[in-house]
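J.: Sequence plus predicted model, see below.
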Amino acid sequence: MEFSHKAIEKKWQKFWKENNAFATKNKSDKKAYILDMFPYPSGAGLHVGHTKGYTATDIYSRFKRLNGYDVLHPMGYDAFGLPAEQYALKTGNDPRDFTIKNIENFRVQLEKMGYSYDPNKEIITSDPNYYKTTQWIFIQLYKKGLAEIRNVNVNWCPELGTALANEEVINVDGKMVSEVGGFEVFKKPMRQWVLKITEYADRLLKGLDDIDMPKSIKDLQKNWIGKSEGTLIEFDVKNTNKKLNVFTTRIDTIYGVSYLVVAPENKIVEEITIDSKKKEVEQYVSKTLSKSDIERQDESKPKSGVSIGQYAINPITKEEVPIWISDYVLNDYATGIVMAVPAHDSRDWEFAKKFKLPIKFVLKAEDESKAFIGKSEYVNSKLIEGMNFEKAKETLVKLLSKENKGSIKVNYKLRDWLFSRQRFYGEPFPVAFDDEQNIVLLEKSLPVELPKTDYIKPSGTGESPLANIKEWLNIDLDNKKLVRETNTMPQSAGSSWYHLAYILAKGPNEFINIDSPEAKKLFKKWLPVDLYLGGQEHAVGHLLYIRFWHQVLFDLGIVSTPEPFNKLINQGMVLDNSGTKMSKSKGNVVNPDDIIESHGADALRLFIAFMGPIEASLQWSESGLDSARKWIDRVYRMVDTFEISKTNDGSLDVAYNKMVKSFGQMISDYKFNTAISQLMVFVNEIYSQQKQVYIEHIKNFLIMLSIITPHICEELWQKIGQKNSVCDQVWPTFDDKKLVDNVVTIAVQINGKLRATFETARGTKSNVILDMAKKIDSIQTQLENKKIIKEIAVQDKIVNFVIK
Ligand code: ANZ
């Protein structure tokens, strides 16, 4: 190796820190807000997968700074969460101490990568100064009617003593268990805070048009929101005054309804089940509660269900149809009740076959041995025969709406956001209750801090451990005795406004008030985020939550843009050298610290940026890493050994200008891997010339390369006698006129054989090159005394003589 990366990298990291080199500036009218998805500070530290995205944004941030932009490029920590709490429970430590220790490790690791984060913008979501604003935003949501307490079915895990999000539950042998620990999970109704994200469903859908993001991510969000336009139809329950509301997208199949299915856990079931069926129904309901929604909707599983012994009246045909319960109907989608049309819906078909329920075709189908899905001519459908779908729908809705039994309804798959957890380590709600359970907002005492305690065991009652800390729980406010909310917020709370927190940060975890004129000015300058980069696993949950909060804050006049992001890129994964995903359990994770030690951070940065497109998942390769390091050595040797000249002999002008142009263009297009190739081509040119190198070429080469491998470039910058930092320079420009070689080589052929070549200026007219060819001595001799039958000259290329 040519140089000691250890010494060089440390030296420049110290220099950047001491000179506050990456402070967010406010000097230019051009800005770039470049945001990484921040990490959860786990005990395992930085993963090489993190470095793929973080290196990309660092390259881009450095590029923008050198191009005269004010750049906001921050990093922080998504620091609340279950792993720290579980660790604390196991070891008896405070989760806060554990988190802080992990963050310190991350911070050192990120610094060792040479990332140009502004240290004054660092945020930690579990810091009371930070969550003060998380709580303030919650209060605004509450005041806007977007937060409320509901009794909802949650995934309850008795062992962990908490409700879990769907993503935290996995399916083992048909049973729900917790992802952490593999403990039993079942559905249980609990008093929960819910945020009404569904009220923003349409906005979340429309806003997608204004964000430049991969189509696959847009589709994921669209499907998650799942807009569905249909009809609500009311069925009377026979001999009672009860009604069943069904949601259907196919009102036109109403003549084919042969039974209704209610989700087993729907409240109405108990009210309408006949006595003799109650026991069977109860058993079925409790079985359903241990199944996940995914399993319930799994089409490959045989259908199950129970008749509740009651009948409903079809409001169009007045026919009586039996009412069943089955787990394939979900309680929290639409009304949780379905009109089953087995002839035209495959789930209903299977169910009807299994329980021998009638199947009546109301759409013409060639093959009646299976369900016909789709649209065709109506049969057995008195009122609508001969109509198309739209007309049939309109006719039926009109008829039903006259009797108040039908109306158009738009439904969304998107659920309201379950916003409370029965855990210690999350943001406390800024809420308390009086004797009558009225909600009192603790607006004046923000932040509502988590108490210091070494007792964070689950309370056992389903409440959070905070319920056990009586000194914290009971408060006096304006002479009223109140009891605090003991749930805490989910981890996704803190990450739903962190893009704003960075803008407001005036020092680590010190913030300007979000609702101040100063904040408005800053939001106006920095929003929206110009580039947001992170993993695809956050495509739905996080991205929808953060957009929802942003939209609410926009409606409240706090932020200046309707959407938080302008552009989103999903980085691919770094796979191990056999193409497998790296994971702790497989023991194939590469720790960046080891690579920094052996090859240097610059080599790792170069390798990771060069290995392929940012969006692609790519394989780790030791030899690729070695090559990256070798190339840096080659650059070092080039600057070290070639004579650096103050005058330019022009021999590298074309190669140089081509490089400047393409490199800049490719970096702007986030094509870092192909951009790097341009630098490599230039270095090859220099070596092939084996001459001196013009100082301006070398300086600008180092400026450009510094966005990829900053440490070595600072070192070489100094080595060639330059002052200040290479990061403080101005991005080079290129000369359009020097993009192509001005000299071309012309071949001269006689009767198809190459006889000579000569050089001339590009663009020399063909009659001129013909004359030039004729003046070449050897050609003159060969043409002497010969008859020229044909002479052809092609500009910039060839002169051809046919002689006899
Ligand atoms: C009758 C019907 C006939 C239906 C037919 C479909 C085809 P999307 O587009 O996803 O909104 N459905 C309604 N609520 C449900 C629930 N809680 N759980 C399970 N399924 C439910 O689908 C709407 C359709 O899904 C509705 O239209 C209903 O079945 C079913 F030939 O009603 B349909």
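T.: Noted; the coordinates are in hand.
J.: Write out the residues of the stretch 251-400 of the chain neighbouring the ligand.
T.: Taking Cβ under 6 Å from any ligand atom as the measure of proximity, the stretch 251-400 of the chain contacts the ligand at 253, 329, 330, 333, 334, 336, 338, 339, 341, 344, 345. Using the backbone N, CA and C atoms, a C-beta is placed for each residue, glycine as well.
J.: try 8 Å
T.: Within the stretch 251-400 of the chain, the positions adjacent to the ligand are 251, 253, 256-257, 263, 297, 328-341, 343-345, 347-348, 371, 373 by Cβ under 8 Å from any ligand atom.
J.: repeat for the stretch 101-250 of the chain
T.: 226, 228, 230, 246, 247, 248, 249, 250.
J.: The same query, at a cut-off of 6 Å, please.
T.: Near the ligand, when you scan the stretch 101-250 of the chain using Cβ under 6 Å from any ligand atom, you find 228, 247, 248, 249, 250.
J.: among those, who's most crowded?
T.: When neighbours are counted by other Cβ atoms under 10 Å, residue 248 leads these with 22 neighbours.
J.: Isn't it up against residue 340?
T.: No: shown here, residue 248 and residue 340 do not form a contact pair, counting by Cβ atoms under 8 Å, at 10.0 Å.
J.: Secondary structure and pLDDT for the residues of the stretch 101-250 of the chain next to the ligand - can I get that in TSV?
T.: Output for these, formatted as TSV (DSSP: H, G, I helix; E, B strand; the rest coil; pLDDT from 0 to 100):
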residue	secondary structure	pLDDT
228	strand	95
247	strand	98
248	strand	98
249	coil	97
250	coil	98
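J.: out of these, who's nearest residue 733?
T.: residue 228 (53.9 Å; Cβ to Cβ).
J.: In contact with the residue nearest to that closest one when sequence neighbours are not counted, which residues?
T.: Leaving aside its sequence neighbours, residue 228 sits nearest to residue 411 (Cβ to Cβ, 6 or more residues apart in numbering; 4.7 Å). Residue 411 sits next to 226, 227, 228, 229, 230, 247, 333, 334 when contact means Cβ atoms under 8 Å, 6 or more residues apart in numbering.
J.: Could you list the buried residues of the strand or helix carrying residue 411?
T.: Using DSSP states H and E, residue 411 maps to strand 406-412. Buried residues in strand 406-412, counting neighbours by 16 or more other Cβ atoms under 10 Å, are found at 406, 409, 411, 412.
J.: next one: stretch 666-678
T.: 666, 667, 670, 672, 673, 674, 675, 676, 678.
J.: again with stretch 796-804
T.: Those would be 798, 799, 800, 801, for stretch 796-804 by 16+ other Cβ under 10 Å.
J.: Closest one of the buried residues of strand 406-412 to the ligand?
T.: Comparing the buried residues of strand 406-412 against the ligand with Cβ to the nearest ligand atom places residue 411 closest, at 5.5 Å.
J.: Now do the same for the closest one: its pLDDT.
T.: The model reports residue 411 with a pLDDT of 93.
J.: how about low-confidence regions in this structure?
T.: Along the chain, the parts satisfying pLDDT under 70 run over 1, 460.
J.: So it: which segments form each domain?
T.: The chain resolves into domains spanning 137-212+416-490, 228-411, 592-738, 743-803 when parsed by automatic domain parsing.
J.: Which among these is found nearest to residue 535?
T.: Nearest to residue 535 among these is domain 592-738; the distance by Cβ to Cβ comes to 10.6 Å.
J.: Distance across the closest one, terminal residue to terminal residue?
T.: Domain 592-738 has an end-to-end distance of 41 Å (criterion: Cα to Cα, to the nearest Å).
J.: to the chain's geometric centre, what's the distance from that domain?
T.: Relative to its chain's centre, domain 592-738 lies at 30 Å (Cα atoms, centre = their mean, to the nearest Å).
J.: oh, and call the first residue 45 from now on, that's how I've got it
T.: Okay, using 45 as the starting number, the last item reads as domain 636-782.
J.: How about the contacts made by residue 196?
T.: Per Cβ under 8 Å, 6+ apart, neighbours of residue 196: 233, 234, 236, 238, 376, 462.
J.: now for the residues you listed, which pair is the farthest apart?
T.: So, the contacts of residue 196 by Cβ to Cβ: farthest apart are 234 and 376, at 13.9 Å.
J.: Looking at those two now, which is surrounded by more residues?
T.: Using other Cβ under 10 Å, the more surrounded residue of residue 234 and residue 376 is residue 234, with 18 against 13.
J.: In its sheet, which strands sit next to the helix or strand hosting that one, and in what direction?
T.: Taking DSSP H and E as the definition, one finds residue 234 inside strand 230-239. According to DSSP bridges, strand 230-239 forms sheet pairs with strand 191-201 (antiparallel), strand 461-462 (antiparallel).
J.: most tightly surrounded among those strands?
T.: strand 461-462 (a mean of 22; mean count of other Cβ atoms under 10 Å).
J.: Would you format the contacts of residue 455 as JSON lines with secondary structure included?
T.: Listed next are the contacts of residue 455 as JSON lines, based on DSSP: H, G, I helix; E, B strand; the rest coil:
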{"residue": "270", "secondary structure": "coil"}
{"residue": "271", "secondary structure": "strand"}
{"residue": "272", "secondary structure": "strand"}
{"residue": "273", "secondary structure": "strand"}
{"residue": "274", "secondary structure": "strand"}
{"residue": "291", "secondary structure": "strand"}
{"residue": "377", "secondary structure": "coil"}
{"residue": "378", "secondary structure": "coil"}
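J.: So residue 710: helix, strand or coil?
T.: helix.
J.: residues in contact with the residue lying closest to it once chain neighbours are set aside?
T.: Of all residues not flanking residue 710 in the chain, residue 719 sits nearest, at 3.6 Å (Cβ to Cβ, 6+ apart). The contact partners of residue 719, by Cβ under 8 Å, 6+ apart, come to 706, 707, 710, 711.
J.: Mind putting these into a markdown table with distance to residue 500?
T.: Listed next are the contacts of residue 719 as a markdown table, based on distance: Cβ to Cβ, whole Å:
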| residue | distance to residue 500 |
| --- | --- |
| 706 | 57 |
| 707 | 53 |
| 710 | 51 |
| 711 | 48 |
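J.: can you redo the residues you listed as JSON lines with distance to the ligand?
T.: Below are the contacts of residue 719 laid out as JSON lines (distance: Cβ to the nearest ligand atom, whole Å):
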{"residue": "706", "distance to the ligand": "48"}
{"residue": "707", "distance to the ligand": "49"}
{"residue": "710", "distance to the ligand": "43"}
{"residue": "711", "distance to the ligand": "44"}
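J.: check which helix or strand covers the residue of the stretch 595-744 of the chain found nearest the ligand.
T.: At 23.8 Å from the ligand, residue 595 is the closest residue in the stretch 595-744 of the chain, using Cβ to the nearest ligand atom. Taking DSSP H and E as the criterion, residue 595 maps to helix 585-599.
J.: Let me know the angle separating that helix from strand 230-239.
T.: Relative orientation of helix 585-599 and strand 230-239, computed by axes from the mean of the first three to the mean of the last three Cα atoms, to 10 degrees: 30 degrees.
J.: Are there helices or strands packed against helix 585-599, and which ones?
T.: Judged by 3 or more Cβ pairs under 8 Å, 6 or more residues apart in numbering; DSSP states H and E, helix 585-599 is in contact with helix 172-187, helix 245-250, helix 259-269, helix 542-548.
J.: what comes up buried for it?
T.: Per 16+ other Cβ under 10 Å, helix 585-599 contains these buried residues: 585-598.
J.: In those, find the pair that's most separated.
T.: 585 and 598 (20.5 Å).
J.: so how far is stretch 66-84 from its chain's centroid?
T.: With Cα atoms, centre = their mean, you get 18 Å for stretch 66-84.
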